[in-house]
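Enquirer: compute the structure for the input listed below.
(one chain, ligands or ions: 2)
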Amino acid sequence: MKIVSNTQMKQLDRMTIEQYGIPGILLMENAGIAVFHEVYHHLQMMGGKQVAVVCGRGNNGGDGFVVARQLFQHNIKVKVFISGNPAVIGGDAKTNLEILKRLEVPIEVISPGENKNVFLGQLKQYDLIVDAIFGIGLDRNVDEFIGRVIETINEAEKTVVSIDIPSGVNAADGSICGTAVKAHKTIVFQLPKLGNINYPGSYYTGEMIVKNIGIPQEAIISLNPRIQMITTDWVKSILPKRKADTHKGDYGRVYIVAGSTGMTGAAMLTCEAVLRSGAGLVKVAIPQSLNNIMEVRLTEAITVPLPELKKGVVGISDIEKIMKTMSQSDAVAVGPGSGQSRELEEVLRNIFENSTTPIVLDADALNSLANRKELLKLLKGPAVLTPHPMEMARLTQIAVEDIQKNRVEIAGEFAQKWNVIVVLKGARTVVAAPSGEIFINTTGNPGMATAGSGDVLTGIITGFIAQGIEPVSATAAAVYIHGLAGDMAAGDIGEYGMMAGDIVTHLPHALKKIVGK
Ligand SMILES: NC(=O)C1=CN([C@@H]2O[C@H](COP(=O)(O)OP(=O)(O)OC[C@H]3O[C@@H](n4cnc5c(N)ncnc54)[C@H](OP(=O)(O)O)[C@@H]3O)[C@@H](O)[C@H]2O)[C@@H](O)CC1
Ligand SMILES: [K+]
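Expert: Ligands and ions are numbered 1, 2, ... in the order given. Next comes the predicted model:
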């Protein structure tokens, strides 16, 4: 499902009205009815009877007027609160406000001088509050008065349903314009806005329900938004179907170059994740002195011990052996627990210059590249880089805080500039393709911020690519399933105590949930 910015959504609204001749008031009616259905259903579930609709002066407020009319006509006790001067309300919103007046729906204007406690006392009388103060038109910090209205809605401690986006959240990026409504549910029109998806906006959005309001699919196709949300249906559509008469060779051979003294666990987690993601065979290159440990722990993977120049570290003296195994593999991962060294830089240089096998670079491979990004120009095959924000900061020389503020842009620019697939990890992992295409992931939870979680992700991505899935899709699907397995692990044992191994354990269940077997 595509995700849009506020400007793109305004463009879609305009195209719908001007190019397709669908009047704005019809879109507003569709929007209001969509919210009404959700609110009505929710009231029935909770046995509620009274609704307060708090409206602003724009079209978001106009949607609120439609909701109020629909509730009124379905015999729900409803009152409209207008925040600010109603005289400035115009266009379709005004038309709907006039209808409410003729129907004698109770309306009260809250003015800047309003006593907060009086308003709070009023709101507390209702079972549910509809938030229709600001939608995608909010573009600056809210003033003190509106800030107070928003805080009062939150303090009322009632079920809150926001229209399109919680008021106070900037639809462009999910930042908060001073203060914002904390919604239980947000009814989002046509397509999610970046502000509903990115943090902290996503937190304020609560449960997101996307409803069609009649924007033609043709308009969306012609706008061609470049960002998309990874959904279960999409992942299902790209995972290969398993035929009955197959053997392990049909599901790809993976080669993992990982682990160093004290870091064999990273190599193991990566290998286990490869196998749990459905790949047929995995070989792991491991410094000779660590081979015994790996053989004991990893029963299903084949270890390929490498002679070592420096104890416990894979080095350039191993390159021939590495290249040979790579040439027999469908995908390779380098980096988890490898230890950062000049040696590893040289290994990467050789691989980039001589191999076309798709490669996933993680952890120490990324740190090795941080000072020698130009090596990426040597790449002959597809490459996936999986930095967390700190690794991205090293790769780009941009401060972590700035990266976190512009995750989509920074991942996107890096992917296009260096012709690689970038997985910028963190809450709402971003997958950026060299083509400019962007995926945002919504699965996952804070419990996954644990040692080894990234090694598991690297294993899944490599496993999917080895199974022949196109690398960008394989990467986005892997990110989704990694998060889903993490969510299932958290569901079973809670976020606090979960470890990366629990994500691996839940991987088959996550896959089963998606493909159904
Ligand atoms: N035809 C359509 O397009 C459809 C739209 N639909 C609905 O309309 C919503 C968008 O409506 P909208 O564009 O009227 O803006 P909205 O979010 O209601 O804000 C109102 C105005 O507030 C102002 N403002 C901004 N920041 C401010 C601040 N900090 N403090 C105070 N004021 C501030 C700013 O005006 P300004 O002051 O900049 O002139 C802004 O215009 C959309 O989310 C959806 O719900 C649907 O009905 C389908 C059809
Ligand atoms: K709103």
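Enquirer: can I get stretch 174-188 in CSV, CA atoms only?
Expert: Only the C-alpha atoms of stretch 174-188 are listed here, as CSV (Å, rounded to 0.1, in the frame of the first residue of the first chain):
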residue,chain,number,x,y,z
GLY,A,174,5.0,12.4,11.9
SER,A,175,6.6,15.2,14.1
ILE,A,176,4.4,16.9,16.7
CYS,A,177,3.5,20.5,16.2
GLY,A,178,3.7,21.4,19.9
THR,A,179,1.1,19.0,21.2
ALA,A,180,-1.1,16.3,19.7
VAL,A,181,-4.3,14.3,20.3
LYS,A,182,-3.6,10.8,21.5
ALA,A,183,-6.1,8.7,19.5
HIS,A,184,-7.2,5.2,20.1
LYS,A,185,-8.1,4.9,16.4
THR,A,186,-7.5,7.1,13.4
ILE,A,187,-9.6,6.7,10.3
VAL,A,188,-7.2,7.5,7.5
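Enquirer: next, the buried residues of it.
Expert: Across stretch 174-188, burial judged by 16 or more other C-beta atoms under 10 Å covers 174-177, 179-183, 185-188. Placement of C-beta: from N, CA and C, glycine included.
Enquirer: stretch 212-232 now?
Expert: Buried residues in stretch 212-232, counting neighbours by 16+ other C-beta under 10 Å, are found at Ile213, Ile215, Ala219, Ile220, Leu223, Pro225, Arg226, Ile227, Gln228, Met229, Ile230.
Enquirer: and the helix or strand hosting Ala478, what other elements does it pack with?
Expert: Ala478 is part of helix 471-493, with elements assigned from DSSP states H and E. Applying 3 or more C-beta pairs under 8 Å, 6 or more residues apart in numbering; DSSP states H and E, one finds that helix 471-493 contacts helix 232-238, strand 421-424, strand 430-432, helix 453-466, helix 500-515.
Enquirer: please save the CA atoms from it in CSV.
Expert: Coordinates of the C-alpha atoms in helix 471-493 are reproduced here as CSV (Å, rounded to 0.1, in the frame of the first residue of the first chain):
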residue,chain,number,x,y,z
PRO,A,471,16.8,-8.6,-4.1
VAL,A,472,14.7,-5.5,-3.3
SER,A,473,11.5,-7.5,-2.7
ALA,A,474,13.5,-10.2,-0.8
THR,A,475,14.9,-7.5,1.5
ALA,A,476,11.5,-5.8,2.1
ALA,A,477,9.8,-9.1,2.7
ALA,A,478,12.6,-10.2,5.1
VAL,A,479,12.3,-7.0,7.1
TYR,A,480,8.5,-7.5,7.5
ILE,A,481,8.8,-11.2,8.5
HIS,A,482,11.7,-10.4,10.9
GLY,A,483,9.4,-7.9,12.6
LEU,A,484,6.4,-10.2,12.5
ALA,A,485,8.5,-13.0,14.1
GLY,A,486,9.6,-10.5,16.8
ASP,A,487,5.9,-9.5,17.4
MET,A,488,4.9,-13.1,17.8
ALA,A,489,7.8,-13.7,20.2
ALA,A,490,6.8,-10.7,22.2
GLY,A,491,3.2,-12.0,22.2
ASP,A,492,4.4,-15.3,23.6
ILE,A,493,7.0,-14.2,26.2
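Enquirer: that helix vs helix 453-466, what angle?
Expert: Counting by axes from the mean of the first three to the mean of the last three C-alpha atoms, to 10 degrees, helix 471-493 points 130 degrees away from the direction of helix 453-466.
Enquirer: and helix 471-493, which residues are buried?
Expert: Of the residues in helix 471-493, 471-490 count as buried by neighbour count, 16+ other C-beta under 10 Å.
Enquirer: what about stretch 7-21, distance to the chain center?
Expert: Relative to its parent chain, stretch 7-21 has a centroid offset of 26 Å by C-alpha atoms, centre = their mean, to the nearest Å.
Enquirer: for stretch 201-213, same thing?
Expert: On the basis of C-alpha atoms, centre = their mean, stretch 201-213 is displaced by 13 Å from the centre of the chain it belongs to.
Enquirer: quick one: mean pLDDT over that stretch.
Expert: Averaging pLDDT along stretch 201-213 yields 97.
Enquirer: buried residues in that stretch?
Expert: Residues of stretch 201-213 classed as buried under the neighbour-count rule (16+ other C-beta under 10 Å) are Gly201, Ser202, Tyr203, Tyr204, Thr205, Gly206, Met208, Lys211, Ile213.
Enquirer: of those residues, which belong to helices?
Expert: When the buried residues of stretch 201-213 are checked against helices (DSSP state H), the matches are Gly201, Ser202, Tyr203, Tyr204, Thr205.
Enquirer: contacting residues for the third one?
Expert: Yep, that's Tyr203 we're talking about. The contact partners of Tyr203, by C-beta atoms under 8 Å, 6 or more residues apart in numbering, come to Lys182.
Enquirer: please apply the same query to Thr303.
Expert: In this structure, Thr303 makes contact with Lys283, Val284, Ile286, Asn291, Met294, Glu295, judged by C-beta under 8 Å, 6+ apart.
Enquirer: dump the helices and strands packed on helix 471-493 into CSV; add mean pLDDT as well.
Expert: Putting those into CSV (pLDDT from 0 to 100) gives the following:
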stretch, mean pLDDT
helix 232-238, 96
strand 421-424, 98
strand 430-432, 98
helix 453-466, 97
helix 500-515, 96
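Enquirer: pick the most buried one from those.
Expert: With neighbours defined by mean count of other C-beta atoms under 10 Å, none of the helices and strands packed on helix 471-493 is more surrounded on average than helix 453-466, at a mean of 30.
Enquirer: distance of the residue of the stretch 251-400 of the chain found nearest ligand 2 relative to ligand 1?
Expert: Closest approach of the stretch 251-400 of the chain to ligand 2 (C-beta to the ion) occurs at Pro389, with a separation of 29.9 Å. With the distance defined as C-beta to the nearest ligand atom, to the nearest Å, Pro389 ends up 29 Å from ligand 1.
Enquirer: now swap in Ile465 and tell me
Expert: Taking C-beta to the nearest ligand atom as the measure, Ile465 falls 40 Å from ligand 1.
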